[in-house]
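Colleague: Requesting a structural model of the entry that follows:
(chains A and B)
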Amino acid sequence: MTLEEAKRYLLRRAKELGLEAEVLFQEERELSLRARQGTLEEIKEARQGGIGLRVLVQGRLGYAYTEELSPEALDWALSEARDNALLSGKEGTLPLGQALGSHDLLGEGLSAPLEAKKQGALELERTLREDPRTQSVLMGGYMEKEVRVALASTLGTEGAFRTGLAGMGGSLVMAEGNSLKQGWDFRLAKEFHALDPGRTALEIREKTARLLNAKPLPTGRYRAYLEPKAVAGLLYVLSRSLSGKSALEGKSRFLNRLGERIASEWVTLVDDPTLEKGLVSRPFDAEGTPARRTVVVEKGVFKTFLHNTETAKALGQENTGHAFRTYRGVLDVAPTNLYLEPVGNLHLEKGVLITEFMGLHAGANPVSLDFSLQALGLWVEEGEVRYAVENFAVAGNLLELLQAIEAVGEEVEWEVMGAAFGSPLVAVAELSFAGA
Amino acid sequence: MLHPDVVAGLLKKALKGGADFGEVYVERSKRRRMTVRYGRLEEAISGLDYGAGLRLFFGTEVVYAYTNQLTQEGLQEALETLLRAKGTLGKVDERGAGGLDFRKAFPQGLHTPKVPYGERDKRFRLERLLEAEAGARIAPEIQQVEASLQEWEQEVLIANTEGTWAEEKRVRTRLYVLAVAQEGTEVQTGYAAPGKSVGLELFDLYPPQEVGAKAARQALTNLRARPAPAGTMPVVVGNAFGGVIFHEALGHLLETTSVAKKASVLADKLGEMVASPVVTYVDDGTLPHAWGSTEVDDEGHPTKRTVLIEKGILRSYMVDRLGHLLTGYPMTGSGRRQDYTLAPTSRMRNTFIAPGDKEVEELIASVEFGLYAKDLGGGQVKPGSGEYNFAVQEGYIIRHGRLEEPVRGAMLVGKGPETIRKVVAVAKDWENAPGMCGSLSGMVPVEVGQPHVLVSEMVVGGRA
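Modeller: Just a heads-up that it's a prediction; the model follows:
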């Protein structure tokens, strides 16, 4: 059965059984080319698809999914979803449907010939090797993913969109004397032609090499400058607390703080799924709510949580259209393109320039917002990088850090960690560093 | 899951296309998750994953495809796409002309569940989750509790052009309790998450109310904990999940995925003293019902017990097929992958420091001022430089050889090969704990473990 046939089958069976049902289906195509030592060491080309079901029975919701599209598997999914709903203790509803249209956000973005993509991967890997300090290249490569998402329900929801991303990046170990550093980076774009393998490789080399010959950092409190990649990591942790679902689950410190100042005046945080070149843009969310721009924090003042219909209703706020679900998951809330707006009042003076945080999943608590993270960085004096520093951790609380932001740069750079997180360079008055 | 003739036809076609080796991996997984909050079931989902991965080797070049179309046509199409991507379509190799004689290996049932899914209904599970939630409500400061049950029944078939035919059904069950404690504006969390390769007897091994209480006690401890001190000091690392430090700082550096590319600081060091002589480090895929155990790995090889480091001396790496081709080291049954969408790479299974001869009290008594990292969260490593970090989930100050006040927010950072040389004492109380390990081939279940160990010096990241 095709996904289209499976969708029709499920909606028809649901009606026969007297259930309301929402069907989310997703089809992905993936290509990845991994180069090493001048040859392609791994080529991957794949297709995957599945169908996620959400059914409403006696005012309660249940979920199931399947990748096997036989009538038996679809019937199994339908009956599991119904059982799960009947056992649920929570009231729920399915949104009233609407026609959402069919959208193409990708166009010709990935249409370059396979040979050009192979050459790109090889060029990137070759350029990574060309630096005499390169000790080994783990990988240089190209990847692309094209996704088609469609949503339909017995309540009249009907819509689809196609999107995708292309990316190039690599990982290497550089050495100088006894100093060793491992670097990794990836550039993503909506179009193959927007990628530049040579430049990306040079950037990865430069970003890794500048960390060589690092000195220990004495334990103390220093002014910190956070590069966009480091800020993106923190935004990723913070985004969990900005979710209306986390708030409802008692896992957000922003609950009951609407309208309060939670950050310095330089902090304006926006989520915008409508950005034309946004890496995670989409026309509607996982429940069929049309996408629009949401200001989450405006000049330090907390304006809204990110919501789906369920969390908005429960917290008595407006739905921001941030329902998130893959066919394998339950309804959640997630940002799309979440970014810190540029200000342009930042000048490097003296302190630690943090290039990257490590171990975010372990060292930052998305509920308490406490963090204690290993970081990589550079010592800056009189506005110039003097030397690299290593073997240290930075600790604090994200709420305090947001309050201590005293300057924000001009140019937004993006990182994708599920959602896209963007930020310029950020200056923080003072952070606590543990080192030698 | 697939007829041998279909698999043989596919593999022979791969050889005709010029591949030196071909492998089919088929997976059919049932996954279920139930989550309880506020004394009721809030979310429940059931799912069926069904797909196949095809891997071909041309020398050491790998091509990989996966698909959910498990019909003969669907699989043929995936194979042809691969050969086209490789660019050798049309090349005919006569080795593909003969028959394929599969040697079928049948599982011995080492990890077969005692209470399989069908024996208990969902209401039974819900009741246990409610017990876990209630078990966590031990103080008014516990404001929020979340209890989840995750069940995973994975059926795999692995067949290759060397005649391997291995099938296994892997059942895993895990209970997860998160407790949030709050007082004023202070919020802290605690969790407990036992999991094993068992069925619903998990609840007999780990009574749900005790799991809930454990999570809550940790949240309350963190609520009254002060920020950890910052600086370099001796650290006693707790047993069981404490082993995650050496999973990150040592284990990942011994996977051929980095070793073969000389991207590990421990490459080319077999026979050398790489750790303190009190350290013996083992990766054992055969431990009965352990979270990271399987009878065969995801390349169809029997798993085994691999002594990686013996009294400080490096004895073996963890070697998958590609790692074997690149390094010549014998395969150790370490090829693992998250699911059919990923090609296997060398991965850990159940990896631990073997017990030593000290009492835990001796370790603590020998520290004048330091940290007791009783329970740890996760961590991360860069194998190429050995730099690692991991979070202390529950920690206490040691002063004059005695455990004193709890501290929170400690992050341990360092370079693995240096830290493992600074292990000065290993206790007797060996224990393992489950975790999920992320790497090139996705998230796989692993156990980490150790007895209590004393590290003479570590950088503790806290508040300066």
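Colleague: Show the model's pLDDT score for B:A97.
Modeller: pLDDT for B:A97: 48.
Colleague: low-confidence ranges in the stretch 301-450 of chain B?
Modeller: Judged against pLDDT under 70, the stretch 301-450 of chain B has no low-scoring part.
Colleague: Within range of chain A, give me the residues from it.
Modeller: Applying CB under 8 Å from any CB of the partner chain, we find that the stretch 301-450 of chain B lies next to chain A at B:341, B:343, B:377-380, B:382-391, B:408-411, B:413-415. Just so you know, the C-beta spots here come from the backbone N, C-alpha and C atoms, and that holds for glycine as well.
Colleague: who's in contact with the spatially closest residue to B:Y388 that is not a sequence neighbour?
Modeller: Setting aside the residues directly before and after it, B:Y388 is nearest to B:V381 in space (CB to CB, 6 or more residues apart in numbering or on different chains), at 4.0 Å. Residues in contact with B:V381, defined by CB atoms under 8 Å, 6 or more residues apart in numbering or on different chains, are B:E248, B:A249, B:H252, B:L253, B:E387, B:Y388, B:N389, B:G416.
Colleague: Could you report the pLDDT at the closest residue to the last one other than its chain neighbours?
Modeller: Looking back up the chat, that one is B:G416. Once flanking residues are discounted, B:G416 sits nearest to B:A249: 3.2 Å by CB to CB, 6+ apart. As predicted, B:A249 sits at a pLDDT of 86.
Colleague: correct me, but B:A249 touches B:G386?
Modeller: Yes: judged on CB atoms under 8 Å, B:A249 makes contact with B:G386 at a distance of 7.3 Å.
Colleague: Give the residues shared as contacts by those two.
Modeller: What both B:A249 and B:G386 touch, as defined by CB under 8 Å, 6+ apart, is the set B:K415, B:G416, B:P417.
Colleague: Please identify the helix or strand for the last one.
Modeller: Assigned by DSSP states H and E, B:P417 belongs to helix B:416-421.
Colleague: In the stretch 201-350 of chain B, what residue spans correspond to helices?
Modeller: Ranges of helices in the stretch 201-350 of chain B, per DSSP state H, counting those that start in this stretch, are B:202-205, B:208-223, B:244-249, B:256-259, B:321-327.
Colleague: Actually, the stretch 351-464 of chain B.
Modeller: B:360-365, B:416-421.
Colleague: residues touching A:A160, list them.
Modeller: When contacts are counted by CB under 8 Å, 6+ apart, A:A160 touches A:L100, A:S102, A:H103, A:R148, A:V149, A:A150, A:L151.
Colleague: and the last one, how far is that from chain B?
Modeller: So that's A:L151. Using CB to the nearest CB, to the nearest Å, A:L151 is found at 17 Å from chain B.
Colleague: Centre of the chain to the host helix or strand of that residue, how far?
Modeller: Assessed by DSSP H and E, A:L151 sits inside strand A:134-153. Taking CA atoms, centre = their mean, to the nearest Å, the mean C-alpha location of strand A:134-153 is offset from the chain mean by 13 Å.
Colleague: Then stretch B:29-43?
Modeller: Worked out by CA atoms, centre = their mean, stretch B:29-43 lies 23 Å from the chain centre.
Colleague: Which pLDDT value goes with B:G90?
Modeller: For B:G90, pLDDT reads 49.
Colleague: Run a quick neighbour tally on the closest residue to chain A within the stretch 201-350 of chain B.
Modeller: Residue nearest to chain A within the stretch 201-350 of chain B: B:A230 (3.2 Å; CB to the nearest CB). The tally of other residues near B:A230 (other CB atoms under 10 Å in any protein chain shown) stands at 27.
Colleague: Which residue is the nearest non-sequential neighbour of it?
Modeller: A:A434 (3.2 Å).
Colleague: Next up, phi/psi of that neighbour, please.
Modeller: phi -110, psi 120 (degrees, to the nearest 10).
Colleague: wait, it sits on A:R221?
Modeller: No: applying CB under 8 Å, one finds A:A434 not in contact with A:R221, separated by 10.5 Å.
Colleague: So for stretch A:175-186, what gets flagged as buried?
Modeller: By neighbour count on 16 or more other CB atoms under 10 Å in any protein chain shown, the buried set for stretch A:175-186 is A:A175, A:L180, A:K181, A:Q182, A:G183, A:W184, A:D185.
Colleague: Within reach of chain B, which of the residues you listed are there?
Modeller: Restricting the buried residues of stretch A:175-186 to those near chain B - CB under 8 Å from any CB - leaves A:L180, A:K181, A:Q182.
Colleague: What does the pLDDT read for the second one?
Modeller: So the one you mean is A:K181. 93.
Colleague: and it, what does it touch?
Modeller: A:V173, A:M174, A:A175, A:T208, A:A209, A:L211, A:L212, A:A214, B:G384, B:S385.
Colleague: Recalculate using a threshold of 6 Å.
Modeller: Counting by CB atoms under 6 Å, 6 or more residues apart in numbering or on different chains, A:K181 makes contact with A:M174, A:T208, A:L211, A:L212, B:S385.
Colleague: B:L412 against B:E457, yeah?
Modeller: No: look at B:L412 against B:E457 with CB atoms under 6 Å: they stay out of range, at 11.1 Å.
Colleague: for residue 10, helix, strand, or coil?
Modeller: Because you didn't say which chain, this covers chain A. Put simply, A:L10 is helix when judged by DSSP: H, G, I helix; E, B strand; the rest coil.
Colleague: was after chain B, sorry
Modeller: Applying three-state DSSP: B:L10 is helix.
Colleague: Let me know how buried it is, in neighbour terms.
Modeller: Count around B:L10 with other CB under 10 Å applied: 22.
Colleague: What of A:V147?
Modeller: Count around A:V147 with other CB under 10 Å applied: 18.
Colleague: so what's A:T127 closest to, chain neighbours aside?
Modeller: Nearest one to A:T127, counting by CB to CB, 6+ apart, is A:A201 at 3.4 Å.
Colleague: Run through the residues that contact that neighbour.
Modeller: A:L124, A:T127, A:L128.
Colleague: If we use 8 Å, what do you get?
Modeller: A:E123, A:L124, A:E125, A:R126, A:T127, A:L128, A:G140, A:G170.
Colleague: Identify the residue spatially nearest to A:A427, adjacent ones excluded.
Modeller: Here the residue nearest A:A427, using CB to CB, 6+ apart, is A:A407, at 4.0 Å.
Colleague: What residues does the stretch 51-200 of chain A have near chain B?
Modeller: Selection of the stretch 51-200 of chain A residues close to chain B by CB under 8 Å from any CB yields A:62-69, A:73, A:76-77, A:80-81, A:83-85, A:87-90, A:114, A:135-138, A:172-173, A:180-182.
Colleague: again with the stretch 251-400 of chain A
Modeller: A:251, A:253, A:328-330, A:358-359, A:361-363, A:365, A:367-368, A:370-374, A:390-396.
Colleague: Can you flag which of those residues belong to strands?
Modeller: Mapping those onto strands (DSSP state E) picks out A:358, A:370-374, A:390-396.
Colleague: need those in a markdown table with pLDDT and distance to B:P445, can you?
Modeller: Rendered in a markdown table, the data for these read as follows (pLDDT from 0 to 100; distance: CB to CB, whole Å):
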| residue | pLDDT | distance to B:P445 |
| --- | --- | --- |
| A:M358 | 87 | 23 |
| A:D370 | 89 | 28 |
| A:F371 | 90 | 27 |
| A:S372 | 87 | 27 |
| A:L373 | 89 | 26 |
| A:Q374 | 88 | 25 |
| A:E390 | 90 | 32 |
| A:N391 | 82 | 31 |
| A:F392 | 87 | 32 |
| A:A393 | 88 | 28 |
| A:V394 | 92 | 31 |
| A:A395 | 89 | 31 |
| A:G396 | 90 | 33 |
